[in-house]
Each structure stands twice: as structure tokens, then as C-alpha cells.
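[1] Provided below for reference: sequence and predicted model.
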Amino acid sequence: MPSMQRCHALSAIQFSVRGLHGTSRRHRDMISIRCIVHAFAALLIAGGLCPLSLAADTSSIAKIKHIIVIYAENRSFDNLYGLFPGANGIDRALANYVAQVDHDGTPFTVLPPVWADEHNLRSREIDPRYPLTLPNRPFRIDQPPISSPLDIRTRDLVHRFYQHKEQINGGRNDRFVAMSNAGALVMGYYDGSRLPMWAIAREFTLADNFFMGAFGGSFLNHFWLVCACTPQYRDAPNDVRVIEDHDGRLARQSESPASAMESPVLLKDGSVTPAGYVVNTLQPPYQPSAIAPAAQGDAALADPGNVRRLPPQTMTTIGDTLSRKQISWAWYAGSWNRALADRSIIYNENSVNFQPHHQVFNYFARFAPGSAARERHLRDGEAFMADIDSGRLPQVTFYKPTAKLNAHPGYTDVLSGDSHIADIIARIRNHQQLWKDVAIIVTYDENGGFWDHVAPPAGDYWGPGSRVPTIIVSPFARKGVVDHTLYDTTSILKFITLRFGLEPLPGVRKNAGDLINAFE
């Protein structure tokens, strides 16, 4: 085993031992193992086989009293951080570029147009801001001839389960354009150095090998953030089910174009797989939901008769395992209280544009309206700010910004959300008592349909999907480092589980790192 691999293995052993602390019946064995590990570390260091920084004691992890996860939206790594110094980005992508191909496998001579209509896939209207002769390669959105900066929003791009699997194409990543509804836009990227979070990434740790937990969109990836699981709807009606072809892909509609140069692909899509798993958005069974209450029904519920209502789920979540260990936690959501009081802000781009399908715990029976768990753990974004200022955050925090501030293409720009997150980090750093023992993980739920050049690692039927930016901010984080360790969204669950000695969630992937390499 090469010396660097020995170091990473040693680091993992050390942290695993510490993560078991609190399992009293193994306490004596842990002490013995820890002594052996420390002695072995000393031998490695003395023999020059392992740098001191990697063989060092991981006691800094035990000093972390607060973990904060900030979950932004819909950006691939290359889209925002492809030009980051020291990261696996655009330069490496171009050095080994795999051309985008059409439906028949033929490389495009030039990229297809950027289609203007997000909703009517049969429309062939072209967005005039994008040239019709863009070369078959990634291009800068924020420089000529397009010159659309980070504070200008683009159209949205399709980001759905089956399409994403086809886009990745076994790791070649060469069908992002063909399987999109946005044409060439999927290949666009920015110089992100103007972003406030870029500067924070330079100061702390940027993970450039972190993959979204599941293929597709926000709905499914929020489930993978909290339970490493896929929701189920076994008796879903045909109205919401997909139709697969003999290869397990989405069946094509008869009028789907032969070439992506003509118009976007037309598919027999839906939300529920033939086996009854929900991979694309359905609505929460409880308010706030896009589904109104039934006439004369319970005002706290979505209409049970609506086929787009997901039945309440019962899988074990990270919230459950935290509660069993009496570790305090909360999910804070921007505009949560407003959406409960005023359904008109739901999916309304003229307001804060509250997104019910981002509120993952609102899909679980344990957090039904009137439950003690809902009252204790589901909180408003304003409470998050107040709890930062007062130093009263729970031990584990998840924060979901409202739509105007989450960087999602289509309904907001990049800079607004990025600035919002940077302001939150500044707020935390200004609170000395909170900052001294916190670890902040800033990541994105999924790639938003944007291309990324790195093949996802081997996983399972559900993922992982493409790379997304992830920044670890903490007084204990490594400083000015690009961390190349393999991670995915379930790594966050693994880190929380190890830190607090929780019952592991079965869906967490064994080959995904636990984030400890991001810490000193």
C-alpha cells in the first residue's frame, strides 16, 4: 500500500474508533485499539511514511459541537468552480474532452440552439442571446459573445432522474446536451471568482470530488440528504408513472425528434417508477403544499384525493437517529411560516417563491401537523438567524434558503444566493461562542442539469449523480485546501453519524468518505 493510502486508512481508523465513543460496552476495547493506533501512527511518522498532518490525532472532530448544513440549489462543480485554482476543473476537462453526441451517437458539429421556452418542449423558439454556432465544448456564460454575468438569471434546465442517467451515459458524460430541454446551455460555466463563497473556499476547504446523492432533481436529492433513501408510492396511479423502454430508459414519444439539433427530446416521463419508487417531484401530504386542502377538509393537509400528493413516508431519517441519542436538531426553511399562513407565495415567482418540494421532513408521517416533532424540529428561516445571533442553535442544523436566495436557474441568479450564504457565514463567525466549535457544510442539492466532466463513482440504482460544489468552513477545517477525497451527499450523514455516535442509516454509501479529510 503506498504511503499516502496508508495515511488515509489510518485517519479513517482513528476517526472510526472515536466515532464509537459512547458505546459503553466497548469502551475498554476502544481504549486498547486507540493506543495501538497512536503507537502505529508514531512509527509511521518516525519512519517518514506519513506526513504529520495526515497522521495527526483527529481530536478536532470531537471538539465540534455544532454542525450546520446549508443546502443551495442546482449547480454542477464545473458550472461554478471549474476555474478554481488547484481543482479538477475546466482545464483538465478540455485536456481529455469527450464531445457531446446526438441521439444516434454522432458528435455534434456545433452545439444545438439554446431553446427559449422552458415549458413547451414542442416549441422551437430559440434564445437569441446565445449564438447558433457554439463549438462542441464547454463555454463561458459570462464572457463574449454571451456576456451574461453571475447576477443575471438564465432559463431553467431539465434535471430529472431518467434524463440525468442518460446524460451521464455510463460515465462518458456525453449526452448532457441531447437529453436536455435547454440545448447548448448545459455546457455553460462561469468564472466564479467574483462570488463571495469563492473567497471563503480559498480560505477553507473546497471539495472537488463531491457528488450529488441521487440522479435527477431536488425532490429526490433532499430525501438522500436526510435518509439516504428513495420515497415509495406503490399504488400510484398510471397518471404519475413513467413508461420505460426495454433498456430501462424513458420511452420516447412518437414525435420525438431524431436529432437534438431540431428540438428537445420528447419522453414518456412521470414521477413514479414501474416498481413504485418516486424519483421526480410529487407534493407533500401536509401544508405547505402546492395541493390545496380538500373542500371542507382539514386545512393542515393537502387534498388526499389528489394523485400528485405523496402518501406520508415512514423511513428512518437522520432526524430520527439524532433524536434517539437526544442530540438537538432542526430544519430551518426560508419563508416557512409565511407559506403556512399564505399559500399564494407557493411557486409564485412574483413573491418569495416558496418551494414545498424542498421541505423534505414535511413528507414524513412523524412530522405531521399537530405532532410534537413538527413543532420542535421544523422552523422558519428567521428563527435560524435569531438562533445564530443568540447562540441558541441546536447541535445539528439544516438550513434551506427560500427560492430567491438558493441560486436555482430559472427563478433566481447565482450571485444573490451566494451572497446570502456568505452573509450567514459572516454572521456565524461574528458570534465568538458559536464560531469556536462549529463545522459548516455548504453544498448544492444537485447539478441543475448542467454538465460536469467527472464520471460519478460506482454506486447503486439511485446514484450518485454529477459533482456539485461543497465547501467546509470551520476553525477546525484545513485552510486553503482543495480536498480531492471521494464524497457524495451521504457523506454528510456519515459525518454527523460518526461525530455523535448515531445508528447508521442503511442507504449511506460505504465508498463515500466521511468528510474528516477536510479537517486538520
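    Done, it's in.
[2] who's in contact with the closest residue to G188 other than its chain neighbours?
    Computed as CB to CB, 6 or more residues apart in numbering, the closest residue to G188 that is not its neighbour in sequence is I141, at 4.1 Å. Using the backbone N, CA and C atoms, a C-beta is placed for each residue, glycine as well. The contact partners of I141, taken as CB atoms under 8 Å, 6 or more residues apart in numbering, are S148, T154, G188, Y189, Y190.
[3] Okay, the residue nearest in space to the middle of the chain and F210: tell me how far apart.
    The chain has D445 as the residue nearest its centroid, 2.1 Å off, counting by CA atoms, centre = their mean. For D445, the distance to F210 equals 12 Å [CB to CB, to the nearest Å].
[4] Common neighbours of these two, please.
    Contacts common to D445 and F210, judged by CB under 8 Å, 6+ apart, are V468.
[5] Helix or strand for N337, just tell me which one.
    Using DSSP states H and E, N337 sits within helix 336-341.
[6] Quick check: pLDDT value at E118.
    Model confidence at E118, expressed as pLDDT, equals 89.
[7] surely it meets R153?
    No - E118 is beyond contact range of R153, at 11.7 Å (criterion: CB atoms under 8 Å).
[8] Could you tell me which residues touch both of those two?
    G410.
[9] How much space separates the residue nearest to G188 from D191?
    Applying CB to CB to I141 and D191 gives a distance of 9 Å.
[10] that older thread, can you pull the buried residues of the helix holding N337?
    W336, R338, A339, L340 (16 or more other CB atoms under 10 Å).
[11] which strands and helices sit next to whatever helix or strand comes next after it?
    Sequence-wise, the next helix or strand downstream of helix 336-341 (DSSP H and E) is helix 372-377. Judged by 3 or more CB pairs under 8 Å, 6 or more residues apart in numbering; DSSP states H and E, helix 372-377 is in contact with helix 318-324, strand 329-333.
[12] contact partners of helix 372-377?
    G319, S323, W329, A330, W331, F361, R366, F367, A368.
[13] How far off centre is that helix?
    The chain centroid and the centroid of helix 372-377 are separated by 24 Å under CA atoms, centre = their mean, to the nearest Å.
[14] Tell me the helix or strand right after that helix.
    Following helix 372-377 in sequence, per DSSP H and E, is strand 378-380.
[15] Quick one: mean pLDDT over that next one.
    What strand 378-380 shows for mean pLDDT is 98.
[16] Same check on stretch 219-232?
    In this model, stretch 219-232 has a mean pLDDT of 98.
[17] so which of the helices and strands packed on helix 372-377 is the most packed in?
    Counting by mean count of other CB atoms under 10 Å, strand 329-333 has the highest mean neighbour count of the helices and strands packed on helix 372-377, with a mean of 24.
[18] Name the residues that touch it?
    Strand 329-333 is contacted from outside by 318-319, 322-323, 358-361, 376-381, 383-384, 393-400, 402, using CB under 8 Å, 6+ apart.
[19] what does stretch 118-126 give?
    Contact with stretch 118-126 is made by 113-117, 132, 155-156, 181-182, 255, 262-266, 410, as judged by CB under 8 Å, 6+ apart.
[20] Relative to the whole chain's centre, how far out is that stretch?
    Mean-position distance between stretch 118-126 and its chain equals 28 Å (CA atoms, centre = their mean).
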